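K.L.:
sequence unknown, structure follows:
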Ligand SMILES: NC(=O)c1ccc[n+]([C@@H]2O[C@H](COP(=O)([O-])OP(=O)(O)OC[C@H]3O[C@@H](n4cnc5c(N)ncnc54)[C@H](OP(=O)(O)O)[C@@H]3O)[C@@H](O)[C@H]2O)c1
(Lines give C-alpha, C1' and ligand atoms only; values in the text may rest on other atoms or scores of the structure.)
Protein backbone atom coordinates (compact mmCIF):
# COMPACT_ATOMS: atom_id res chain seq x y z
CA UNK A 1 0.00 0.00 0.00
CA UNK A 2 1.38 3.43 -0.90
CA UNK A 3 2.01 5.96 1.84
CA UNK A 4 -0.81 8.54 2.12
CA UNK A 5 1.45 11.60 1.99
CA UNK A 6 5.03 12.47 2.69
CA UNK A 7 5.38 13.93 6.15
CA UNK A 8 9.17 14.20 5.85
CA UNK A 9 12.00 11.89 6.84
CA UNK A 10 12.50 10.52 10.33
CA UNK A 11 15.51 8.67 11.66
CA UNK A 12 14.73 5.43 13.51
CA UNK A 13 17.44 3.74 15.58
CA UNK A 14 16.97 0.11 16.62
CA UNK A 15 14.89 -0.39 13.47
CA UNK A 16 16.08 -3.99 13.11
CA UNK A 17 14.53 -4.99 16.44
CA UNK A 18 11.06 -6.12 17.46
CA UNK A 19 9.72 -2.78 18.70
CA UNK A 20 11.72 -0.79 16.14
CA UNK A 21 10.29 -2.93 13.34
CA UNK A 22 6.74 -2.03 14.31
CA UNK A 23 7.74 1.64 14.62
CA UNK A 24 9.16 1.58 11.07
CA UNK A 25 5.95 -0.02 9.74
CA UNK A 26 3.74 2.48 11.55
CA UNK A 27 5.86 5.44 10.36
CA UNK A 28 5.75 4.27 6.75
CA UNK A 29 2.01 3.63 6.87
CA UNK A 30 1.50 7.10 8.39
CA UNK A 31 3.28 8.77 5.48
CA UNK A 32 6.84 9.28 6.69
CA UNK A 33 9.99 8.47 4.83
CA UNK A 34 12.17 6.49 7.21
CA UNK A 35 15.93 6.37 7.51
CA UNK A 36 16.91 3.38 9.59
CA UNK A 37 20.18 3.02 11.44
CA UNK A 38 21.94 -0.34 11.52
CA UNK A 39 25.33 -1.50 12.76
CA UNK A 40 26.28 -3.19 9.47
CA UNK A 41 25.33 -3.03 5.78
CA UNK A 42 23.95 -6.56 5.89
CA UNK A 43 21.72 -5.73 8.88
CA UNK A 44 20.49 -2.60 7.09
CA UNK A 45 19.64 -4.59 3.95
CA UNK A 46 17.82 -7.23 6.02
CA UNK A 47 15.69 -4.58 7.73
CA UNK A 48 14.87 -2.75 4.48
CA UNK A 49 13.84 -6.03 2.81
CA UNK A 50 11.04 -6.41 5.39
CA UNK A 51 9.04 -3.54 3.85
CA UNK A 52 8.99 -4.31 0.11
CA UNK A 53 6.07 -1.99 -0.69
CA UNK A 54 7.86 0.97 0.82
CA UNK A 55 11.28 0.70 -0.82
CA UNK A 56 11.02 4.26 -2.18
CA UNK A 57 10.39 5.66 1.31
CA UNK A 58 13.20 3.82 3.07
CA UNK A 59 16.88 4.60 3.37
CA UNK A 60 19.58 3.40 5.72
CA UNK A 61 22.67 4.68 7.41
CA UNK A 62 25.37 2.74 9.19
CA UNK A 63 25.94 3.72 12.82
CA UNK A 64 28.61 1.32 14.03
CA UNK A 65 28.53 2.65 17.60
CA UNK A 66 25.53 4.49 19.06
CA UNK A 67 27.71 5.95 21.82
CA UNK A 68 30.01 7.81 19.40
CA UNK A 69 28.70 11.17 18.20
CA UNK A 70 30.54 11.12 14.87
CA UNK A 71 28.82 7.83 13.95
CA UNK A 72 25.72 9.90 13.18
CA UNK A 73 27.24 12.50 10.82
CA UNK A 74 26.18 10.65 7.66
CA UNK A 75 22.65 10.06 8.96
CA UNK A 76 21.92 13.79 8.86
CA UNK A 77 24.17 14.76 5.92
CA UNK A 78 21.36 15.54 3.45
CA UNK A 79 19.52 17.79 5.92
CA UNK A 80 16.26 15.88 5.57
CA UNK A 81 15.70 14.57 9.10
CA UNK A 82 12.73 16.26 10.82
CA UNK A 83 12.25 13.83 13.70
CA UNK A 84 13.99 10.98 15.49
CA UNK A 85 12.77 7.85 17.19
CA UNK A 86 15.45 6.31 19.38
CA UNK A 87 14.58 2.66 19.99
CA UNK A 88 18.11 1.22 20.00
CA UNK A 89 19.13 -0.02 23.42
CA UNK A 90 20.35 -3.40 24.57
CA UNK A 91 17.51 -5.62 25.75
CA UNK A 92 19.28 -8.73 26.88
CA UNK A 93 19.36 -10.68 30.10
CA UNK A 94 22.44 -12.58 28.97
CA UNK A 95 24.97 -10.18 30.41
CA UNK A 96 28.62 -10.61 31.37
CA UNK A 97 29.42 -7.02 32.23
CA UNK A 98 26.54 -4.72 33.23
CA UNK A 99 28.43 -1.55 32.25
CA UNK A 100 29.72 -2.73 28.89
CA UNK A 101 26.68 -4.76 27.83
CA UNK A 102 23.80 -2.66 29.19
CA UNK A 103 24.52 0.61 30.96
CA UNK A 104 27.00 2.28 28.62
CA UNK A 105 25.17 1.64 25.34
CA UNK A 106 21.81 2.58 26.90
CA UNK A 107 22.87 5.72 28.76
CA UNK A 108 25.59 7.07 26.46
CA UNK A 109 23.52 6.04 23.45
CA UNK A 110 20.59 8.08 24.79
CA UNK A 111 22.50 11.32 25.15
CA UNK A 112 24.55 10.78 21.99
CA UNK A 113 21.43 10.77 19.79
CA UNK A 114 20.42 14.12 21.34
CA UNK A 115 23.93 15.54 20.78
CA UNK A 116 23.79 14.28 17.21
CA UNK A 117 20.42 15.93 16.55
CA UNK A 118 21.87 19.20 17.83
CA UNK A 119 25.24 18.98 16.07
CA UNK A 120 24.20 17.49 12.73
CA UNK A 121 20.43 18.15 12.51
CA UNK A 122 20.82 21.60 10.95
CA UNK A 123 17.96 22.96 13.07
CA UNK A 124 15.47 20.77 11.19
CA UNK A 125 14.76 18.19 13.90
CA UNK A 126 11.56 19.14 15.74
CA UNK A 127 11.14 16.25 18.16
CA UNK A 128 12.97 13.22 19.50
CA UNK A 129 10.87 10.33 20.83
CA UNK A 130 12.73 7.77 22.88
CA UNK A 131 11.67 4.23 23.72
CA UNK A 132 12.03 4.12 27.46
CA UNK A 133 10.25 1.49 29.56
CA UNK A 134 7.99 0.78 32.51
CA UNK A 135 11.32 -0.42 33.92
CA UNK A 136 12.16 3.29 34.28
CA UNK A 137 8.95 3.78 36.29
CA UNK A 138 8.52 0.74 38.54
CA UNK A 139 10.40 0.51 41.83
CA UNK A 140 11.50 -3.14 42.01
CA UNK A 141 12.21 -2.76 45.75
CA UNK A 142 8.48 -2.24 46.41
CA UNK A 143 7.64 -5.79 45.28
CA UNK A 144 3.98 -6.61 44.64
CA UNK A 145 2.81 -3.30 46.15
CA UNK A 146 -0.94 -4.06 46.02
CA UNK A 147 -3.20 -1.00 45.91
CA UNK A 148 -0.57 1.14 44.19
CA UNK A 149 -1.08 2.42 40.66
CA UNK A 150 2.05 3.42 38.76
CA UNK A 151 1.97 6.32 36.33
CA UNK A 152 4.33 8.82 34.72
CA UNK A 153 5.18 10.60 38.01
CA UNK A 154 6.95 7.47 39.26
CA UNK A 155 10.63 6.72 38.76
CA UNK A 156 12.69 3.62 39.35
CA UNK A 157 15.09 5.07 41.98
CA UNK A 158 18.02 2.79 41.10
CA UNK A 159 21.50 4.34 41.09
CA UNK A 160 24.39 3.70 38.71
CA UNK A 161 26.46 2.13 41.51
CA UNK A 162 23.69 -0.32 42.41
CA UNK A 163 23.11 -1.13 38.73
CA UNK A 164 26.74 -2.04 38.12
CA UNK A 165 26.48 -5.00 40.51
CA UNK A 166 22.82 -5.93 40.07
CA UNK A 167 21.44 -9.14 38.53
CA UNK A 168 20.66 -8.80 34.84
CA UNK A 169 16.91 -7.97 34.97
CA UNK A 170 17.50 -5.25 37.60
CA UNK A 171 20.49 -3.97 35.60
CA UNK A 172 18.40 -3.85 32.42
CA UNK A 173 15.69 -1.90 34.26
CA UNK A 174 18.40 0.43 35.56
CA UNK A 175 19.78 0.94 32.06
CA UNK A 176 16.36 2.21 30.97
CA UNK A 177 15.83 4.42 34.03
CA UNK A 178 19.32 5.94 33.89
CA UNK A 179 19.09 6.46 30.12
CA UNK A 180 15.76 8.24 30.38
CA UNK A 181 16.95 10.39 33.28
CA UNK A 182 20.05 11.31 31.27
CA UNK A 183 17.89 12.41 28.34
CA UNK A 184 15.70 14.67 30.48
CA UNK A 185 18.82 16.13 32.14
CA UNK A 186 20.31 16.81 28.69
CA UNK A 187 17.11 18.54 27.57
CA UNK A 188 17.11 20.70 30.73
CA UNK A 189 20.70 21.67 30.03
CA UNK A 190 19.96 22.55 26.38
CA UNK A 191 16.82 24.73 26.40
CA UNK A 192 17.74 26.18 23.00
CA UNK A 193 18.31 22.83 21.27
CA UNK A 194 15.44 23.59 18.89
CA UNK A 195 13.71 20.26 19.43
CA UNK A 196 11.64 18.69 22.19
CA UNK A 197 11.70 15.23 23.77
CA UNK A 198 8.94 12.73 24.54
CA UNK A 199 9.43 9.27 26.00
CA UNK A 200 7.31 6.12 25.72
CA UNK A 201 7.42 3.75 28.69
CA UNK A 202 5.88 0.36 27.86
CA UNK A 203 5.93 -2.65 30.21
CA UNK A 204 6.49 -6.06 28.59
CA UNK A 205 5.79 -5.64 24.90
CA UNK A 206 3.81 -8.52 23.40
CA UNK A 207 2.01 -8.70 20.07
CA UNK A 208 3.27 -9.61 16.62
CA UNK A 209 6.43 -8.64 14.80
CA UNK A 210 5.81 -6.30 11.86
CA UNK A 211 6.97 -9.03 9.49
CA UNK A 212 6.83 -12.82 9.26
CA UNK A 213 9.32 -14.43 11.61
CA UNK A 214 10.98 -17.58 10.29
CA UNK A 215 12.05 -19.02 13.64
CA UNK A 216 11.94 -18.42 17.39
CA UNK A 217 15.71 -18.29 17.98
CA UNK A 218 16.19 -14.53 18.13
CA UNK A 219 12.97 -13.31 19.73
CA UNK A 220 12.95 -10.21 21.90
CA UNK A 221 13.18 -11.09 25.60
CA UNK A 222 9.51 -10.18 26.13
CA UNK A 223 8.22 -12.40 23.31
CA UNK A 224 10.44 -15.19 24.70
CA UNK A 225 8.23 -15.11 27.81
CA UNK A 226 5.12 -16.01 25.78
CA UNK A 227 7.03 -18.44 23.57
CA UNK A 228 8.25 -20.28 26.68
CA UNK A 229 4.66 -21.00 27.76
CA UNK A 230 4.16 -23.18 24.66
CA UNK A 231 4.32 -26.86 25.75
CA UNK A 232 5.08 -25.76 29.31
CA UNK A 233 3.31 -27.54 32.20
CA UNK A 234 2.39 -24.33 34.02
CA UNK A 235 1.38 -20.70 33.60
CA UNK A 236 4.08 -18.26 34.78
CA UNK A 237 3.49 -16.30 37.99
CA UNK A 238 3.20 -12.49 38.26
CA UNK A 239 6.24 -10.45 37.25
CA UNK A 240 5.66 -6.86 36.05
CA UNK A 241 1.88 -7.28 35.84
CA UNK A 242 1.56 -5.06 32.78
CA UNK A 243 2.00 -5.29 29.02
CA UNK A 244 1.55 -3.29 25.83
CA UNK A 245 0.89 -4.48 22.30
CA UNK A 246 3.75 -3.95 19.84
CA UNK A 247 1.33 -2.16 17.47
CA UNK A 248 0.05 0.29 20.07
CA UNK A 249 3.60 0.97 21.25
CA UNK A 250 4.51 1.87 17.66
CA UNK A 251 1.41 4.04 17.30
CA UNK A 252 2.28 5.84 20.54
CA UNK A 253 5.75 6.71 19.19
CA UNK A 254 4.33 8.26 16.02
CA UNK A 255 1.64 10.15 17.94
CA UNK A 256 4.29 11.42 20.37
CA UNK A 257 6.26 12.70 17.38
CA UNK A 258 3.26 14.67 16.11
CA UNK A 259 1.05 15.79 18.99
CA UNK A 260 2.23 19.25 20.14
CA UNK A 261 1.22 18.56 23.78
CA UNK A 262 3.55 15.56 23.92
CA UNK A 263 6.56 17.89 24.12
CA UNK A 264 8.46 17.33 27.35
CA UNK A 265 6.20 14.44 28.41
CA UNK A 266 6.67 10.80 29.28
CA UNK A 267 3.92 8.29 28.57
CA UNK A 268 3.29 5.00 30.31
CA UNK A 269 1.77 2.95 27.49
CA UNK A 270 0.34 -0.25 28.90
CA UNK A 271 -2.42 -2.22 30.53
CA UNK A 272 -2.69 -4.64 33.45
CA UNK A 273 -2.50 -8.37 32.81
CA UNK A 274 -1.59 -11.73 34.25
CA UNK A 275 -0.14 -14.61 32.21
CA UNK A 276 -3.29 -16.58 33.04
CA UNK A 277 -5.36 -13.96 31.18
CA UNK A 278 -3.16 -14.26 28.08
CA UNK A 279 -3.34 -18.05 28.17
CA UNK A 280 -7.13 -17.98 28.68
CA UNK A 281 -7.62 -15.63 25.71
CA UNK A 282 -5.36 -17.60 23.39
CA UNK A 283 -6.85 -20.97 24.39
CA UNK A 284 -10.37 -19.68 23.82
CA UNK A 285 -9.61 -18.44 20.29
CA UNK A 286 -6.99 -20.81 18.88
CA UNK A 287 -7.31 -24.62 18.64
CA UNK A 288 -3.52 -24.97 18.61
CA UNK A 289 -3.30 -22.95 21.83
CA UNK A 290 -5.76 -25.38 23.47
CA UNK A 291 -3.38 -28.21 22.62
CA UNK A 292 -0.11 -26.50 23.48
CA UNK A 293 -0.69 -23.95 26.26
CA UNK A 294 -1.20 -25.05 29.87
CA UNK A 295 -4.70 -24.68 31.31
CA UNK A 296 -3.61 -23.16 34.62
CA UNK A 297 -6.57 -21.91 36.65
CA UNK A 298 -8.98 -20.60 34.04
CA UNK A 299 -10.31 -17.14 34.87
CA UNK A 300 -8.40 -17.06 38.14
CA UNK A 301 -6.63 -13.74 37.89
CA UNK A 302 -7.16 -10.27 39.20
CA UNK A 303 -5.09 -7.12 38.90
CA UNK A 304 -5.87 -6.30 42.54
CA UNK A 305 -3.29 -8.60 44.12
CA UNK A 306 -0.36 -6.42 43.09
CA UNK A 307 0.44 -2.95 41.73
CA UNK A 308 -1.50 -1.68 38.73
CA UNK A 309 -0.47 0.58 35.87
CA UNK A 310 -2.36 3.61 34.63
CA UNK A 311 -1.83 4.07 30.90
CA UNK A 312 -4.61 6.64 30.48
CA UNK A 313 -2.39 9.68 29.83
CA UNK A 314 -1.45 8.21 26.44
CA UNK A 315 -5.13 8.08 25.54
CA UNK A 316 -5.88 11.56 26.87
CA UNK A 317 -2.87 13.41 25.43
CA UNK A 318 -1.87 11.33 22.42
CA UNK A 319 -5.28 9.94 21.49
CA UNK A 320 -3.87 6.40 21.64
CA UNK A 321 -6.41 3.60 21.27
CA UNK A 322 -5.52 0.43 23.17
CA UNK A 323 -6.08 -2.98 21.63
CA UNK A 324 -7.69 -5.75 23.67
CA UNK A 325 -5.68 -8.41 25.49
CA UNK A 326 -7.40 -10.96 23.23
CA UNK A 327 -6.03 -9.21 20.09
CA UNK A 328 -2.55 -9.31 21.55
CA UNK A 329 -2.67 -12.88 22.83
CA UNK A 330 -4.16 -14.30 19.64
CA UNK A 331 -1.94 -12.41 17.19
CA UNK A 332 1.23 -13.21 19.15
CA UNK A 333 0.50 -16.91 19.41
CA UNK A 334 -0.59 -17.17 15.76
CA UNK A 335 2.80 -15.80 14.76
CA UNK A 336 4.71 -17.99 17.22
CA UNK A 337 2.92 -21.19 16.16
CA UNK A 338 3.62 -20.37 12.51
CA UNK A 339 7.31 -19.73 13.21
CA UNK A 340 7.57 -22.98 15.16
CA UNK A 341 5.97 -24.86 12.25
CA UNK A 342 8.53 -23.35 9.87
CA UNK A 343 11.30 -24.30 12.27
CA UNK A 344 10.04 -27.85 12.50
CA UNK A 345 10.10 -28.16 8.68
CA UNK A 346 13.57 -26.62 8.27
N1 LIG B 1 10.27 -5.74 24.36
C2 LIG B 1 9.89 -5.17 25.50
O3 LIG B 1 9.21 -5.77 26.33
C4 LIG B 1 10.27 -3.76 25.79
C5 LIG B 1 9.60 -3.09 26.82
C6 LIG B 1 9.92 -1.77 27.10
C7 LIG B 1 10.90 -1.13 26.37
N8 LIG B 1 11.55 -1.82 25.38
C9 LIG B 1 12.58 -1.11 24.64
O10 LIG B 1 12.31 -1.20 23.26
C11 LIG B 1 13.56 -1.11 22.55
C12 LIG B 1 13.67 -2.25 21.60
O13 LIG B 1 13.57 -3.47 22.30
P14 LIG B 1 13.09 -4.79 21.56
O15 LIG B 1 12.16 -5.49 22.44
O16 LIG B 1 12.69 -4.45 20.19
O17 LIG B 1 14.43 -5.62 21.54
P18 LIG B 1 15.30 -6.15 20.29
O19 LIG B 1 14.45 -6.84 19.32
O20 LIG B 1 16.42 -6.88 20.92
O21 LIG B 1 15.82 -4.82 19.63
C22 LIG B 1 16.83 -4.05 20.18
C23 LIG B 1 17.31 -3.07 19.15
O24 LIG B 1 18.30 -2.23 19.75
C25 LIG B 1 19.51 -2.37 19.02
N26 LIG B 1 20.66 -2.37 19.92
C27 LIG B 1 20.81 -3.06 21.07
N28 LIG B 1 22.03 -2.82 21.60
C29 LIG B 1 22.66 -1.98 20.75
C30 LIG B 1 23.94 -1.39 20.73
N31 LIG B 1 24.82 -1.59 21.72
N32 LIG B 1 24.26 -0.60 19.71
C33 LIG B 1 23.37 -0.38 18.70
N34 LIG B 1 22.14 -0.91 18.65
C35 LIG B 1 21.80 -1.70 19.67
C36 LIG B 1 19.46 -3.69 18.30
O37 LIG B 1 20.30 -3.61 17.19
P38 LIG B 1 20.88 -4.91 16.46
O39 LIG B 1 19.71 -5.40 15.64
O40 LIG B 1 22.03 -4.40 15.69
O41 LIG B 1 21.27 -5.86 17.55
C42 LIG B 1 17.98 -3.77 17.95
O43 LIG B 1 17.70 -3.06 16.79
C44 LIG B 1 14.65 -1.05 23.60
O45 LIG B 1 14.94 0.30 23.86
C46 LIG B 1 13.98 -1.68 24.81
O47 LIG B 1 14.58 -1.28 26.01
C48 LIG B 1 11.25 -3.11 25.07
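P.N.:
Structure's in. What do you need? Source: prediction; values computed, not measured.

K.L.:
contacting residues for the residue lying closest to residue 133 once chain neighbours are set aside?
P.N.:
Distances taken as CB to CB, 6 or more residues apart in numbering place residue 176 nearest to residue 133, at 4.0 Å, with adjacent residues excluded. Where C-beta positions appear, they are placed from N, C-alpha and C, glycine not excepted. Applying CB atoms under 8 Å, 6 or more residues apart in numbering, one finds that residue 176 lies in contact with 89, 106, 132, 133, 135, 136, 156.

K.L.:
burial measure for the first one, as a count.
P.N.:
The local packing of residue 89 (other CB atoms under 10 Å) involves 25 other residues.

K.L.:
let me have the contacts of residue 176 in CSV, extended by distance to the ligand, secondary structure and pLDDT.
P.N.:
CSV is the format used below for these (distance: CB to the nearest ligand atom, whole Å; DSSP: H, G, I helix; E, B strand; the rest coil; pLDDT from 0 to 100):
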residue, distance to the ligand, secondary structure, pLDDT
89, 3, coil, 98
106, 7, helix, 98
132, 7, coil, 98
133, 4, coil, 98
135, 7, helix, 98
136, 9, helix, 98
156, 12, coil, 98
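
K.L.:
just send those back as TSV, with distance to residue 265 too.
P.N.:
Listed next are the contacts of residue 176 as TSV, based on distance: CB to CB, whole Å:
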residue	distance to residue 265
89	20
106	21
132	12
133	16
135	18
136	14
156	18
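
K.L.:
which residues of the stretch 201-346 of the chain lie near the ligand?
P.N.:
202, 204, 205, 220, 222 (CB under 6 Å from any ligand atom).

K.L.:
make a markdown table out of those residues and add distance to residue 143.
P.N.:
Formatted as a markdown table, those follow (distance: CB to CB, whole Å):
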| residue | distance to residue 143 |
| --- | --- |
| 202 | 21 |
| 204 | 18 |
| 205 | 23 |
| 220 | 25 |
| 222 | 21 |
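
K.L.:
restricted to strands, list these.
P.N.:
204, 205 (DSSP state E).

K.L.:
for the ligand, give me its nearest residue in the stretch 151-300 of the chain.
P.N.:
Using CB to the nearest ligand atom, the single residue of the stretch 151-300 of the chain nearest to the ligand is residue 222, 3.1 Å away.

K.L.:
dig out what the spatially closest residue to that residue that is not a sequence neighbour forms beta bridges with.
P.N.:
Excluding its sequence neighbours, the residue lying closest to residue 222 (CB to CB, 6+ apart) is residue 204, at 4.5 Å. For residue 204, the beta-bridge partners are residue 243 (DSSP bridges).

K.L.:
thought residue 261 was touching residue 317?
P.N.:
Yes. Using CB atoms under 8 Å, residue 261 is in contact with residue 317, at 5.3 Å.

K.L.:
related to what we said a few turns ago, isn't the residue nearest to residue 222 right next to residue 242, touching?
P.N.:
Yes. Judged on CB under 8 Å, residue 204 makes contact with residue 242 at a distance of 7.1 Å.

K.L.:
give the residues shared as contacts by those two.
P.N.:
In contact with both residue 204 and residue 242: residue 134, using CB under 8 Å, 6+ apart.

K.L.:
residues contacting the closest residue to residue 246 other than its chain neighbours?
P.N.:
Nearest non-adjacent residue to residue 246, counting by CB to CB, 6+ apart: residue 207, 3.6 Å away. The contact partners of residue 207, by CB under 8 Å, 6+ apart, come to 22, 244, 245, 246, 247, 248, 249, 323, 327, 328, 331, 332.

K.L.:
around the residue nearest to residue 222, how many other residues sit close by?
P.N.:
So residue 204, with other CB under 10 Å, has 21 neighbours.
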